[in-house]
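Student: With the input below, show me the fold.
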Amino acid sequence: MRNLNSCLIGAALVTMTAMPVMAQDRNVTIVLGEEVDVVDPCMSSRSNVGRVILHNVSETLTELGDQGDGLMPRLATAWEPVDEDTWRFTLRPDVQFSDGTAFDAEDVIYSIERTNSDQIVCDNSAKYFGGLEVSMEAIDDLTVEITTSPAQPILPLLLSGVTVVPTGTDASAFITEPVGTGPYIFSEWNIGQNIILTRNDNYWGETPEVESATYVFRSDAAVAAAMVETGEADIVPSMSVLDATNPATDFSYPNSETFFLRIDTDVAPLNDRRVREALNLAIDREAFQGTILAEGVIPATQIVPPSTLGWNPDLQVWPYDPERARALLEEARADGVDVDTEINLIGRSNNFPNVTEVMEVMLAMIQDAGFNASLRMYDVSEWEDFYSKPFAGDRGPQLVAAQHDNAKGDPVFTMFFKYHSEGLQGAVWDDRLDSLIDQATAATGDEREALWREAFRVVGEEIITDIPMFHMVGFARVSARINFQPTIATNSELQLAQITFN
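Tutor: Numbering: from 1, shown residues only. Sure, this is the predicted structure:
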């Protein structure tokens, strides 16, 4: 009897020990500071969209590793140059979209054509295909050749940002129920409340541990951080440094974003170089460090980080010199420039924690230097109207605050759509700069690096197109019940398949 009782007790203990594992909640809640206004995969280069869609719902042909892994296969298993202009991609076999249709070369062709269509304005097109003409051919179901003009030596890297959708996806408007090949299915979008992704059991790759993810939106960073602390949520990928107080759950990570203000160089008085120089001299960048921004933010001289090919080391951080700024304004005024025209600072609400406070301080500094300036904060859908073309003809002088993400290491992801006269988000029109961008895009090796370096010099020294502020630092809070390590990629994507449970 004693042995029987011992067996029963042992079995009970095993059952009790196993119960938490068997019953463990495999669902996660992620708190984002900014609501999404679109969920179309062709907008995944925008951080608030990419964190939900990229590599969760929709995948790309190639993927740039975030741990120094270099360029890795995703929907393409291999790639090789055919000649100077053309690359051949071998596609992964036995892949299905979440609607059950098979993935093949025609889907790749259709996705790139849709992304570059003039019927919708896709950020992915502007960022990855700016200045390129693209033609494609399906050699067979699992082989596609892509030709670019001018020749693009880093085309496989460019395609790490182009999401693939099924042939026939609406090309005349942004879709609201994306279908992809990724490990998760886009299940619900309750606008203003949440987005729900559920695991795709027909995914071609390894089955992830997370069964579903609910994305909720909280503009107050302190509230978002508290939700993880109280167990209401599992991850806050972007929180204020002021709330990063728990070493057990809070992580800092290198942020691929550069915060800057784009100057509208075509509208008076901002079309005067002295005025643009004065704006840069009016900002005390050191005042932000360790106060409303993290101590680790790095003052920027260009809108790409120093790790980017062609980053120009000769450009220096603008000094804080309000007296010189006032003198430049007076000099411009004496030459007939109407420097008293009101300049609008345009900010993106919840773009990063404390963004409103940062913009308010910048406004005060600019006003203190003698400018007539005002501040307007907009949600992302309204802000986009100021940031992307076509610009309003009667807009008046504007400084548009933004963050730019270039974690891929080459200026081709930056220069055309930010600075070329035909670029989607460019507010500068300069023939020499256009020529430099065109030449550098097609160049290779040392020539490519030298041309990009010169382009950055023209942007920052000759023209003064921006007010560069900081290369940013990210802070995330992660629940103790899960394993997830924020990286530089966390800024623009958050792969649920990388989450495991403790």
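
Student: Quick check: closest non-adjacent residue to residue 180.
Tutor: residue 58 (3.6 Å; Cβ to Cβ, 6 or more residues apart in numbering). C-beta coordinates here come from the backbone N, C-alpha and C atoms, glycine included.

Student: That neighbour and residue 161, how far apart?
Tutor: Counting by Cβ to Cβ, to the nearest Å, the gap from residue 58 to residue 161 is 11 Å.

Student: just residue 362 next, same as before
Tutor: Residue 362 is 30 Å from residue 161, by Cβ to Cβ.

Student: do the same with residue 63
Tutor: According to Cβ to Cβ, residue 63 and residue 161 sit 10 Å apart.

Student: just residue 74 next, same as before
Tutor: 11 Å.

Student: sorry, back to before: out of residue 58 and residue 161, which sits in the busier spot?
Tutor: residue 58 (28 against 24; other Cβ atoms under 10 Å).

Student: which ones are touching the residue nearest to residue 180?
Tutor: The contact partners of residue 58, by Cβ atoms under 8 Å, 6 or more residues apart in numbering, come to 41, 44, 163-165, 178, 180-182.

Student: which residues are common contacts for residue 63 and residue 161?
Tutor: With Cβ under 8 Å, 6+ apart, residue 63 and residue 161 have no common neighbours.

Student: Residue 454 falls within a strand, correct?
Tutor: No. The assignment for residue 454 by DSSP: H, G, I helix; E, B strand; the rest coil gives helix, which leaves it out of any strand.

Student: ok, for it, nearest residue in space, not its chain neighbours?
Tutor: Using Cβ to Cβ, 6+ apart, the closest residue to residue 454 is residue 436 (6.0 Å).

Student: what is in contact with residue 74 and residue 161 at once?
Tutor: Counting by Cβ under 8 Å, 6+ apart, the residues touching both residue 74 and residue 161 are residue 60.

Student: Got the confidence number for residue 15?
Tutor: At residue 15, the predicted lDDT confidence score is 38.

Student: does residue 439 really touch residue 451, like I thought?
Tutor: Yes. If you go by Cβ atoms under 8 Å, residue 439 and residue 451 touch, sitting 5.3 Å apart.

Student: So for these two, which sits in the more crowded spot?
Tutor: residue 451 (22 against 16).

Student: Check the spacing between the closest residue to residue 297 other than its chain neighbours and residue 408 real quick.
Tutor: Nearest non-adjacent residue to residue 297, counting by Cβ to Cβ, 6+ apart: residue 470, 4.1 Å away. Here residue 470 is placed at a distance of 20 Å from residue 408 (Cβ to Cβ).

Student: hang on, the earlier thing: near the residue nearest to residue 454, how many other residues are there?
Tutor: 23.

Student: what's the helix or strand for it?
Tutor: Taking DSSP states H and E as the criterion, residue 436 maps to helix 431-442.

Student: same question, residue 63
Tutor: Element membership of residue 63, judged by DSSP H and E, is strand 62-64.

Student: circling back: following the host helix or strand of the residue nearest to residue 297, which helix or strand comes up?
Tutor: Using DSSP H and E, residue 470 sits within strand 466-478. Per DSSP H and E, the first helix or strand lying C-terminal to strand 466-478 is strand 482-483.

Student: Show me what that next one pairs with in its sheet, parallel or antiparallel.
Tutor: strand 500-501 (antiparallel) (DSSP bridges).

Student: pLDDT on the strand it pairs with, on average?
Tutor: Averaging pLDDT along strand 500-501 gives 97.

Student: Tell me where this protein is predicted with low confidence.
Tutor: Residues of the chain meeting the criterion pLDDT under 70: 1-24, 67-68.

Student: ok, now with 80
Tutor: 1-24, 66-69, 254 (pLDDT under 80).

Student: Name the residues that touch the strand holding residue 63?
Tutor: 55, 70-74, 76, 79, 156-157, 159-160, 407-408.

Student: before we move on, back to that, shared neighbours of residue 58 and residue 161, anything?
Tutor: residue 44.

Student: Residue 156: what's it in contact with?
Tutor: Counted by Cβ under 8 Å, 6+ apart, residue 156 has contacts 61-62, 71, 76, 79, 87, 89.

Student: Buried subset of the residues you listed as a ChimeraX selection?
Tutor: Restricted to buried positions by 16 or more other Cβ atoms under 10 Å, the ChimeraX selection for those reads:
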select :61,62,71,76,79,87,89
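
Student: And the contacts of residue 156, which is closest to residue 173?
Tutor: Checking the contacts of residue 156 against residue 173 with Cβ to Cβ, the nearest one is residue 61 at 24.5 Å.

Student: about what we covered before: can I get the strand holding residue 470 in PDB? Just the C-alpha atoms.
Tutor: Taking C-alpha atoms only, strand 466-478 is exported to PDB below (Å, rounded to 0.1, in the frame of the first residue of the first chain):
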ATOM      1  CA  ASP A 466      18.400  69.400 -43.200                       C
ATOM      2  CA  ILE A 467      18.800  70.000 -39.500                       C
ATOM      3  CA  PRO A 468      20.500  66.800 -38.500                       C
ATOM      4  CA  MET A 469      19.900  66.000 -34.900                       C
ATOM      5  CA  PHE A 470      20.800  62.500 -33.500                       C
ATOM      6  CA  HIS A 471      21.400  58.900 -34.200                       C
ATOM      7  CA  MET A 472      18.900  57.500 -31.800                       C
ATOM      8  CA  VAL A 473      19.000  54.900 -29.000                       C
ATOM      9  CA  GLY A 474      16.000  52.600 -28.500                       C
ATOM     10  CA  PHE A 475      14.700  51.300 -25.200                       C
ATOM     11  CA  ALA A 476      12.400  48.300 -24.900                       C
ATOM     12  CA  ARG A 477      10.700  46.500 -22.000                       C
ATOM     13  CA  VAL A 478      10.300  42.700 -22.300                       C
END
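
Student: and it, how far from the chain's centre?
Tutor: 12 Å (Cα atoms, centre = their mean, to the nearest Å).

Student: Show me what that strand packs onto, helices and strands only.
Tutor: Contact here means 3 or more Cβ pairs under 8 Å, 6 or more residues apart in numbering; DSSP states H and E; on that basis strand 466-478 packs against helix 221-229, strand 235-236, strand 250-263, strand 298-299.

Student: and that strand with strand 250-263, angle?
Tutor: 160 degrees (axes from the mean of the first three to the mean of the last three Cα atoms, to 10 degrees).

Student: List the buried residues in strand 466-478.
Tutor: Buried residues in strand 466-478 (16+ other Cβ under 10 Å): 466-478.

Student: Strand partners (parallel or antiparallel) of that strand?
Tutor: strand 235-236 (antiparallel), strand 250-263 (antiparallel), strand 298-299 (antiparallel).

Student: would TSV of those with mean neighbour count and distance to residue 445 be doable?
Tutor: Shown next, in TSV, are those (neighbours: other Cβ atoms under 10 Å; distance: least, Cβ to Cβ, whole Å):
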stretch	mean neighbour count	distance to residue 445
strand 235-236	29	41
strand 250-263	22	24
strand 298-299	16	28
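
Student: Adding distance to residue 371 as columns, could you present those strands in TSV?
Tutor: Formatted as TSV, the strands paired with strand 466-478 follow (distance: least, Cβ to Cβ, whole Å):
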stretch	distance to residue 371
strand 235-236	36
strand 250-263	12
strand 298-299	21
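
Student: dump the residue contacts of residue 82.
Tutor: Residue 82 touches 88, 145, counting by Cβ under 8 Å, 6+ apart.

Student: can you check residue 189 too?
Tutor: 39, 176-177, 195-196.

Student: From residue 56, how far off is it?
Tutor: 14 Å.

Student: where along the stretch 251-400 of the chain do the helices fall?
Tutor: Here the stretch 251-400 of the chain has its helices, by DSSP state H, counting those that start in this stretch, at 273-281, 322-334, 355-368, 380-387.

Student: contacts for the second one?
Tutor: Okay, so that is helix 322-334. Taking Cβ under 8 Å, 6+ apart as the rule, helix 322-334 contacts 269, 272, 274-275, 277-279, 281-282, 339-340, 365, 368-371.
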